[in-house]
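# Return a 3D structure for these sequence lines:
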Amino acid sequence: MQALILAAGMGKRLKDLTSDKTKCMVRVNGVTLIERMLGQLEKLDLERIVIVVGYKGEYLKSFIDSLGIRTPIVFVNNDIYDRTNNIYSLALAKEYLLEKDTLLFESDLIFEDDVLRLLLEDPRDTLALVDKYESWMNGTVVKLSDADEITAFIPGNKFVFEDIPQYYKTVNIYKFSKKFSQNQYVPFLESYLKALGNNEYYEQVLRVLTLLDNSWIRAKRIEGKKWYEIDDIQDLDIAASIFTESNDRLDKLQSRYGGYWRYPKLLDFCYLVNPYFPPRRMLSEIKANADKLIMNYPSGARVNALLAAKNFSVREEQIVVGNGAAELIKSIMENQAGNIGFIRPTFEEYPNRRRDSSDVVFEPANDDFSYNAEDLISYFGNKDITMLVLINPDNPTGNYIEKKEILRLAAWCQEKDIKFLLDESFVDFAVEKDSSLIQENILSQYDNLLVVKSISKSYGVPGLRLGVLASGDTKLIRQVKSDISIWNINSFAEFYMQIEEKYKKDYSEALELFKDTRNLFIQELEKISWIRVIPSQANYVMCELSGRYTAKEIATKLLSEYNILIKDLSEKLKGDRQFIRIAIRTREENAQLIKALGSL
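Numbering: from 1, shown residues only. Okay, here's the model as predicted:
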């Protein structure tokens, strides 16, 4: 058996990275794509490796010669690489296809060793590797029968989004038997070139072959193995986070601060959302209006404040809408003079947005990091602060103070002339009913009160980037409104606020389902001997570890072995005690995490 690698392309979408070298010489975590691929092929005891080169061909050949690959390598030159496509490159190597069974690769791929094992261990002699289609994938897709027959090759210009559940993406790795190349592929390749020219793709020939009753090629599903096709710098960045050492992968993923939809097999127990909202009907309504939402400007900040005022039953002058709560937090923190009181551990976005470090910090002196209103009044009573920041339920501990005690704190702060910033992004998950302070009468009574709420976290729509700030201090609200852009949210976020009221019953039902799920999840976590669950009324739980692993080690193992991402709290909670934070997701997803933790 031999390998054939197509490496003639220019890689223009990688821009400066390919100005002086070919695409397959780009490095992922310090190793070039071609070096990695040849190292993997070297282990297979192949008879030879055929490489079609073109752009920067002499430079590439010299580089490959320097790698010391023991398997014989044959180079084929595509001198008109800039005027042809990969069908021509493959045609230049057709004589080699006719001589041996062949593993065919494109050179811009990165994959784990098990991908080759899947291909070689399958007894079928002619295969196309495929993976379930995901949104990050580009290029040709196929449809399959239950018997792995390729029933259709679908190029990009024939892609139908409604058919996505039926689509598989070709991985651009194939196994061709010599007989298949001789009797089917090469004859059709030659005919296709004569009919349509050199500026086509070799997969078009496979598309024609699938129309034959006796086509020999079958699909091999990749079964969750890691691979990535690198076309641009974004692909390169993602590939670097997938194909890296375990510790580095965790750090690289966390440094992205989201965007995990680009990692379709990743289970995200790190970021905090509502697993049961929005309902499917609401998503369908948004999708049905996607065209006009994309093609039209959103309303300005004043109109969106009116929408938020309607949804939360407050006055327009009492509320401002943010591009996520983070935009509002930034505005408040950067414009607040004097010392600010914080409770730690906390959501670091608040202290991180301070212009100076003149803060006063309360740290609960108990194993659960729990506290109540009296604890805060006692601690901050003789402190010089201009604002007290409280997240309720707190992040990451899940500590909750009941509404009547929060109102006591608001009254105390008003008496002391202290602004009271309450972040109630997670309050809807608390057991207590009617727990929110975003109420017109409360805001009017306590004009020192500022209430922040992240729509992303409570309502499960983080991609919309929505948050609100409500206060009876209308002067402060006007100041924040003047601090943000007139078009600070997009049309999708505005439309969500426009239709949200219709789905209030669905939201209430989702919260009740969530609370039942949380109880069950905590019960299962408590069965694991080396985990101590800290009481929580949020959509996450903080856990103390007492086993053989540190929090970083647990997070690393879950990611590397189970593709599960959790929050390592080592940076928030210094010292010997080890803590993690786990988001609460659907019951099925929670069960996967419980199983993984149990295995450790």
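
# Please count neighbours and contacts with C-alpha atoms only from this point.
OK.

# secondary structure element for residue 553?
helix 551-562 (DSSP states H and E).

# Which SSE is immediately downstream of that helix?
Downstream of helix 551-562 (by DSSP H and E), the next one is strand 564-565.

# Tell me which strands that next one pairs with, and in which orientation.
strand 267-268 (parallel) (DSSP bridges).

# The partner strand: what's the following helix or strand?
With elements assigned by DSSP H and E, the helix or strand that comes after strand 267-268 is helix 280-288.

# in that following helix, what's buried?
Buried residues in helix 280-288, defined by neighbour count with 16 or more other CA atoms under 10 Å: 282, 286.

# I'd like the distance from the helix holding residue 553 to the chain centre, please.
17 Å (CA atoms, centre = their mean, to the nearest Å).

# now the helices for the stretch 501-600 of the chain?
Listed in chain order, the helices of the stretch 501-600 of the chain (DSSP state H, counting those that start in this stretch) span 504-525, 551-562, 587-599.

# scratch that, the stretch 351-500 of the chain is what I was asking about
Under DSSP H, counting those that start in this stretch, the stretch 351-500 of the chain gives helices at 373-380, 403-415, 440-445, 455-459, 474-483, 491-499.

# Now the last one: buried residues?
Put plainly, it is helix 491-499. 491-497.

# If you count contacts, what does that helix end up packed against?
Packed against helix 491-499, as judged by 3 or more CA pairs under 8 Å, 6 or more residues apart in numbering; DSSP states H and E, are the following elements: helix 280-288, helix 290-295, helix 301-312.

# and the ones you listed as TSV, adding mean pLDDT and distance to residue 543?
Formatted as TSV, those follow (pLDDT from 0 to 100; distance: least, CA to CA, whole Å):
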stretch	mean pLDDT	distance to residue 543
helix 280-288	95	32
helix 290-295	96	41
helix 301-312	95	34
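
# Counting by contacts, list what the helix holding residue 553 packs against.
Helix 551-562 packs on helix 246-254, strand 564-565, strand 567-568, strand 578-583, helix 587-599, going by 3+ CA pairs under 8 Å, 6+ apart.

# Please repeat the previous calculation with a cut-off of 7 Å.
helix 246-254, strand 564-565, strand 567-568, strand 578-583 (3 or more CA pairs under 7 Å, 6 or more residues apart in numbering; DSSP states H and E).

# Out of those, flag the one nearest residue 150.
strand 564-565 (32.3 Å; CA to CA).

# What mean pLDDT does the closest one get?
Here strand 564-565 scores 96 as its mean pLDDT.

# likewise stretch 80-93?
94.

# coming back round to it: with distance to residue 270 and pLDDT added, can I get the buried residues of helix 491-499 in JSON lines?
Putting the buried residues of helix 491-499 into JSON lines (distance: CA to CA, whole Å; pLDDT from 0 to 100) gives the following:
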{"residue": "491", "distance to residue 270": "28", "pLDDT": "97"}
{"residue": "492", "distance to residue 270": "25", "pLDDT": "97"}
{"residue": "493", "distance to residue 270": "23", "pLDDT": "96"}
{"residue": "494", "distance to residue 270": "27", "pLDDT": "96"}
{"residue": "495", "distance to residue 270": "28", "pLDDT": "96"}
{"residue": "496", "distance to residue 270": "25", "pLDDT": "97"}
{"residue": "497", "distance to residue 270": "26", "pLDDT": "96"}
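
# now, which of the residues you listed sits nearest residue 430?
residue 497 (22.9 Å).

# Would you map the helices across the stretch 101-250 of the chain?
113-121, 178-180, 186-196, 203-209, 233-242, 246-254.

# Just put the ones you listed in JSON lines and tack on mean neighbour count and mean pLDDT.
Listed next are those as JSON lines, based on neighbours: other CA atoms under 10 Å; pLDDT from 0 to 100:
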{"stretch": "helix 113-121", "mean neighbour count": "15", "mean pLDDT": "94"}
{"stretch": "helix 178-180", "mean neighbour count": "19", "mean pLDDT": "96"}
{"stretch": "helix 186-196", "mean neighbour count": "15", "mean pLDDT": "93"}
{"stretch": "helix 203-209", "mean neighbour count": "19", "mean pLDDT": "89"}
{"stretch": "helix 233-242", "mean neighbour count": "18", "mean pLDDT": "87"}
{"stretch": "helix 246-254", "mean neighbour count": "17", "mean pLDDT": "81"}
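
# Out of these, which is closest to residue 568?
It is, among the helices of the stretch 101-250 of the chain and with distance given as CA to CA, helix 246-254, at 9.7 Å.

# That closest one relative to helix 551-562, how many degrees between them?
90 degrees (axes from the mean of the first three to the mean of the last three CA atoms, to 10 degrees).

# For residue 244, grab the count of nearby residues.
16 (other CA atoms under 10 Å).
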